[in-house]
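Undergrad: Sequence and predicted structure are below.
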Amino acid sequence: MPEGDTIFRTARELTAALVGKPLLRGEIRHPRLSTVDLAGRTVIEVRPVGKHLFLRFDGGRSLHCHLELDGAWHVYRPRARWRRPAHQARAILSTGDKTAVGFALHELAWLSTVDEHRLVGHLGPDLLDPRWTDEHARRAAENLAADPDAEIGIALLDQRVLAGLGNVYKTEVCFLLGVSPWTPVSGVDTAEAVRIGRELLRRNASRAARSTTGYDVRDRRLWVYARERAGCLRCGGRVVRTSQGERLRERVAYYCPTCQPGPTPVR
């Protein structure tokens, strides 16, 4: 699933392509929005919130989307060939010189801009909020600490606690904290977890190739995520791949037993 840095970059690309220019084509291919025609409207702002995206239009209306597992926005020049099949297109917004195509957008809503909070008001502090303050950091740390018995790997993925982290960052935050993902929140410095999570997202908000290590070399960009064959980038030891969470919340999990002491999954 796209994480907060991907949504942030997407918002920036859509801003450059669409903002301030009346749409010549504004087609939404969604059963509930099939009668919405955006042609003639102007995008005035693109707002990322955690893993959510709002395209704000003149007239006080917003188009909301969540990319879920396979959604994406691409920007094309006129007559350029699309990189995904046309039947996956759910939104087509064209200013003439640029066309933004939203593929596999399962969640779409057309609503008043003043009502955006109804869709994202339940979220915790957005780690990439440009207005981030010490108060946001305090609230996020308190949210994280609210359930001391929760596994830190599960808590970091809860968007109601703090918004923007996905499975890659959850994995790397746990590594940099030096704890296994199954460590109870009570055994973690929650303020430090928030700081690391925000720093990693901010560092990658303007990068196409995500790196949590500081290296920009293909096989050295992540500490333990998806490194079950290559080994831990720090110690060279074995990286364990398993799963964490139950049923719909189950996610793949990676950790280095040497660098990340603590509880391990019961299988």
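TA: Alright, I've got the coordinates.

Undergrad: In contact with residue 79: list those residues for me.
TA: Contact analysis of residue 79 by CB atoms under 8 Å, 6 or more residues apart in numbering lists nothing. For the C-beta atoms, the positions are set from N, CA and C on the backbone; glycine is no exception.

Undergrad: do that again at 10 Å, thanks
TA: residue 99 (CB atoms under 10 Å, 6 or more residues apart in numbering).

Undergrad: And residue 113, how far from residue 14?
TA: 16 Å (CB to CB, to the nearest Å).

Undergrad: So these two - more neighbours on which side?
TA: residue 14 (22 against 15; other CB atoms under 10 Å).

Undergrad: Who is residue 55 paired with across the strands?
TA: residue 46, residue 63 (DSSP bridges).

Undergrad: doesn't residue 45 make contact with it?
TA: Yes - contact criterion CB atoms under 10 Å: residue 55 and residue 45 qualify, at 8.0 Å.

Undergrad: and stretch 204-219, average pLDDT?
TA: On average, the pLDDT along stretch 204-219 is 92.

Undergrad: ditto for stretch 94-101
TA: In this model, stretch 94-101 carries a mean pLDDT of 97.

Undergrad: so the closest residue to residue 158 other than its chain neighbours is in which element?
TA: Counting by CB to CB, 6 or more residues apart in numbering, residue 158 lies nearest to residue 124, which is 7.6 Å off, once chain neighbours are set aside. Under DSSP states H and E, no helix or strand contains residue 124.

Undergrad: what sits against the closest residue to residue 265 other than its chain neighbours?
TA: Excluding the flanking residues, the one nearest residue 265 by CB to CB, 6+ apart is residue 242, at 5.5 Å. Residue 242 makes contact with 181, 182, 228, 252, 253, 254, 255, 264, 265, 267, according to CB under 10 Å, 6+ apart.

Undergrad: Convert the C-alpha atoms of the helix or strand hosting the fourth one to PDB, please.
TA: Remark: residue 252 resides in strand 251-255, with elements defined by DSSP H and E. Output of strand 251-255 as PDB, limited to C-alpha atoms (Å, rounded to 0.1, in the frame of the first residue of the first chain):
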ATOM      1  CA  ARG A 251       1.000  -7.800   7.300                       C
ATOM      2  CA  VAL A 252       4.400  -9.300   6.400                       C
ATOM      3  CA  ALA A 253       7.000  -8.600   9.000                       C
ATOM      4  CA  TYR A 254      10.800  -8.400   8.900                       C
ATOM      5  CA  TYR A 255      13.300  -8.200  11.700                       C
END
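
Undergrad: Model confidence score at residue 267, please.
TA: 58.

Undergrad: Surely residue 207 touches residue 215?
TA: No - in this structure residue 207 lies outside contact range of residue 215 using CB under 10 Å: 12.0 Å.

Undergrad: what pairs with the strand holding residue 252, and is each one parallel or antiparallel?
TA: By DSSP bridges, strand 251-255 pairs with strand 240-244 (antiparallel).

Undergrad: Tell me which residues of the partner strand come out buried.
TA: 240, 244 (16 or more other CB atoms under 10 Å).

Undergrad: got it, and stretch 86-94?
TA: For stretch 86-94, by 16+ other CB under 10 Å, it's 88, 89, 90, 91, 92, 93, 94.

Undergrad: same thing with stretch 191-201?
TA: For stretch 191-201, by 16+ other CB under 10 Å, it's 193, 194, 195, 196, 197, 198, 200, 201.
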